[in-house]
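J.: Sequence unavailable; structure follows:
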């Protein structure tokens, strides 16, 4: 079984809109609809992961409702815990404010998947997040927002392909390492669980998949979205 998880449970404080970013209108179609259409050929089931605060916006049948505000890693962990994950199941994970074309899924699926996670990446000058290969089947992650040293290197495309059972076990391990006896997160990155830290603090096996001549389309503000639509970036990558 291959699952698709589109994570749309955030509070979108930077976007300053009551409507979730994944539901913004792009020339008569929502970003969510575009992503589901492109993901569908590669998944058996697709779920939208929303929160108790914003679930009323989502009318789709396949949705997983979680508590929000505890970080991207916490959101993925909660979603996987609600599914009946079996050994051998796989999953695509996509942040809901990012657009991905079918070509990215095709590229990832064509790769050798003997590792537990494949991370589509592009090479950038001082990326916001840097994915650093550490040998044959290991990566580490540096975060510029936490004042960690960032050099020119790989940046993820907000899409991950993972062996779901192994990922869930590693997220459980990560969670146990950064919670106190009351279940609160106490971590170098604050009071949330960052998904990318699963590659820093657990033995999960992962490889980068370099994608050439590709731009990552995501946005944090209404102005950034307007600029992407004006340049017709979404339709160019159908």
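T.: Good, I have the coordinates. What you see is a predicted model, and the numbers here were worked out from it, not measured in a lab. Numbering: from 1, shown residues only.

J.: Pull up the gap between residue 136 and residue 10, please.
T.: Relative to residue 10, residue 136 is positioned 34 Å away (CB to CB, to the nearest Å). Glycine gets a C-beta too; all of them are placed from N, C-alpha and C.

J.: Residue 47 now?
T.: 16 Å.

J.: mind listing the strands for the protein?
T.: Applying DSSP state E to the chain gives strands spanning 2-7, 25-26, 29-30, 45-51, 63-66, 90-95, 98-99, 117-124, 129-133, 139-143, 153-156, 159-163, 206-210, 217-218.

J.: what's the angle between the fourth one and strand 2-7?
T.: With axes from the mean of the first three to the mean of the last three CA atoms, to 10 degrees defining the directions, strand 45-51 sits at 20 degrees from strand 2-7.

J.: quick one, helices of this structure?
T.: 31-39, 72-82, 102-109, 164-177, 198-201, 222-230, 233-236 (DSSP state H).

J.: Looking at these, spot the one closest to residue 142.
T.: helix 198-201 (9.0 Å; CB to CB).

J.: picking up where we left off before, which one, of the strands of the chain, ends up nearest to residue 172?
T.: Smallest distance to residue 172 across the strands of the chain (CB to CB): 13.9 Å, for strand 159-163.

J.: Rounded mean pLDDT for that closest one, please.
T.: Mean pLDDT, strand 159-163: 96.

J.: likewise stretch 107-119?
T.: The model assigns stretch 107-119 a mean pLDDT of 87.
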